[in-house]
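> Let me see the structure of the following:
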Amino acid sequence: MSILSKPDRNYFLNVDRNPILHGILKKTFYEQFCAGETDAETRATIRELKDMGFRGVIMTYAKETVFDHRTNTQQGLGIAALEAEKNNDTAHPLVAHCANIEAWRKGTAETVEQLDDGDYLAVKLTGAGPTVTDAFSKGELPPPQMLEALDQICARCKERNVRILVDAESHHFLSGILRVTLDLMRKYNRDGYALIYNTYQAYLKSTPETIAKHMTVAQQEGFTFGLKLVRGAYIASDERSLIHDTKDDTDAAYNGIAQGALKQTLGKFGVETTFPSVNLFLASHNKASVVDAHNLHQQRIAAGLPTVPVRFAQLHGMSDEVSFSLLQLKGGDGSPEVYKCSTWGTMGECLAYLLRRAIENRDAVLRTSDEYNALKAEFGRRLKSAFFLS
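Predicted coordinates:
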């Protein structure tokens, strides 16, 4: 997967041109984790997920760029972006029209139209190509064409009641992505809820400070802070020193941020200064983290204590036992609201995403016994139910 995700025009290693390689990956990795290569395939997957009982879906257009700090190279641009670079389409930051930005805008706009009321759009801003990623790596705003595309996407999502999760990406691009997302929150999170969420990776040592800065801006300027929390997925390509030393440290950071937000006492907020308006989205495959967060949320509501709106999500093809455990906790108020997050796009566009899923699933054997026991328990419950009904 690592080899295939690197830009390569070699026919045999190009998953979009080699039908044998494409067919093998389509029936294994791709169909496990991705929604579809076409609009029709994607819509069918969305229907299947909602029929399982999920509140909705989070859908991503897969095109992205991943920066590998070890080789100082960018991966995942895809053939179209490489050809654009070759033709000098995106070589200069002042270029009037960038084909890569337009392709990203078109793919993202198509994703919005696949979604229904209450669904989420997840966007990977680096999918817009080298002109955008070069700006992000310098902590700068992308060119006006990209900002206009983002405004179009945000306006359309607001019309359709689809909220936007700006995805976490390689740390190399983080400062620019944070700058754009904060500006979008300033502009669109003014109606008492978060249309725009930024994704914060708990495994980064800098995340608590980053969240504190953004909460301060939200408090001072009076907009709703959209906080989506994940553990982090770029450990194979980001600089290791930026990431917590142990998984326990990452778990502690994740749970501390999640529970602090739910208690409305996060850092100095809620203690030394007023807690701002916050909407929380917890994306995690850790059952203890999400169940504890849901229970805390319900306890605070029952006790009449202040808390924040919260929703939950797991990735399509991963940790279904966690997702369905949350669904079984659903009460009369409809909570917890559980979503499945999936990705669509051509095989080539999805390779960087699939590589991260492969890395994450190296520890799948550690979860197998838990999921096996959960399946046995559910089978026994259904067998008993059928017996008593008969």
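> gap between the residue minimising distance to the centre of the chain and L315?
Centroid check for the chain by C-alpha atoms, centre = their mean gives D167 as the closest residue, at 4.6 Å. From D167 across to L315, the span is 12 Å (C-beta to C-beta, to the nearest Å). For glycine as for every other residue, the C-beta is placed from the backbone atoms N, C-alpha and C.
> Sketch out the low-pLDDT regions of the stretch 51-200 of the chain for me.
76-96 (pLDDT under 70).
> mind running it again at 50?
For the stretch 51-200 of the chain, the stretches with pLDDT under 50 are 78-94.
> Let me see the ranges of the helices in it.
78-86, 99-114, 130-137, 144-160, 174-188 (DSSP state H, counting those that start in this stretch).
> Could you check how far the shortest one is from the centre of its chain?
What that stands for is helix 130-137. 20 Å (C-alpha atoms, centre = their mean, to the nearest Å).
> ok so, going back, might you report the residue contacts of the residue nearest to the centre of the chain?
60, 64, 122-125, 199 (C-beta atoms under 8 Å, 6 or more residues apart in numbering).
> same question, I101
So I101 contacts 128-129, 131-132, 142-143, 145-146, 149 (C-beta under 8 Å, 6+ apart).
> Tabulate these (CSV), appending distance to L383 and neighbour count.
Formatted as CSV, the contacts of I101 follow (distance: C-beta to C-beta, whole Å; neighbours: other C-beta atoms under 10 Å):
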residue, distance to L383, neighbour count
A128, 52, 32
G129, 54, 29
T131, 59, 23
V132, 54, 29
P142, 56, 26
P143, 60, 23
Q145, 59, 19
M146, 55, 23
A149, 53, 22
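> Show me which positions of stretch 65-75 end up buried.
Neighbour counts over stretch 65-75 (16 or more other C-beta atoms under 10 Å) mark 65-69, 74-75 as buried.
> and if you look at stretch 103-111?
By neighbour count on 16+ other C-beta under 10 Å, the buried set for stretch 103-111 is 103-105, 107-109, 111.
> which one of these sits closest to A374?
For the buried residues of stretch 103-111, the residue nearest A374 by C-beta to C-beta is T111; the value is 32.1 Å.
> ok, L178 touching N198?
Yes. The pair L178 and N198 passes the contact test of C-beta atoms under 8 Å, sitting 6.8 Å apart.
> In terms of neighbours, single out the busier of those two.
Here L178 and N198 are compared on neighbour count by other C-beta atoms under 10 Å; more neighbours surround N198, at 24 against 18.
> nearest spatial neighbour of the more buried one, skipping sequence neighbours?
Nearest non-adjacent residue to N198, counting by C-beta to C-beta, 6 or more residues apart in numbering: T181, 4.2 Å away.
> Could you report the separation of that neighbour from A194?
11 Å.
> Who has more neighbours out of these two?
Neighbour count, other C-beta under 10 Å: between T181 and A194, A194 has more, with 26 against 23.
> Just confirm that one contacts N279, I think it does.
Yes. Between A194 and N279 a contact is recorded at 3.9 Å, counting by C-beta under 8 Å.
> Need the overlap of contacts for those two.
In contact with both A194 and N279: 224-226, using C-beta under 8 Å, 6+ apart.
> Could you single out the nearest of those residues to C34?
G226 (25.3 Å).
> The closest one - how many residues pack around it?
Counted with other C-beta under 10 Å, G226 comes out at 28.
> how about it, secondary structure?
Put simply, G226 is strand when judged by DSSP: H, G, I helix; E, B strand; the rest coil.
> From L262, how far out is it?
15 Å.
> go on, E41?
E41 sits 37 Å away from L262, going by C-beta to C-beta.
> Compare those two (neighbour count), which wins?
With neighbours defined as other C-beta under 10 Å, E41 and L262 compare such that L262 has more, 25 against 14.
> so what secondary structure elements neighbour whatever helix or strand that one lives in?
Element membership of L262, judged by DSSP states H and E, is helix 247-263. Helix 247-263 sits against helix 207-221, strand 225-230, strand 278-283, helix 287-302, with contacts defined as 3 or more C-beta pairs under 8 Å, 6 or more residues apart in numbering; DSSP states H and E.
> Tell me which of those is the most buried.
strand 225-230 (a mean of 25; mean count of other C-beta atoms under 10 Å).
> End to end on stretch 45-61, go ahead and measure it.
14 Å (C-alpha to C-alpha, to the nearest Å).
> Same check on stretch 322-334?
For stretch 322-334, the end-to-end distance is 17 Å (C-alpha to C-alpha).
> and it, which residues are buried?
322-327.
> gap between T274 and G222?
11 Å.
> More neighbours: these two, which one.
Each of T274 and G222 has its neighbours counted (other C-beta under 10 Å); G222 has more, 11 against 8.
> mind checking how far that one is from K213?
16 Å.
> Centre of the chain to stretch 23-35, how far?
19 Å.
> Noted, bye for now.
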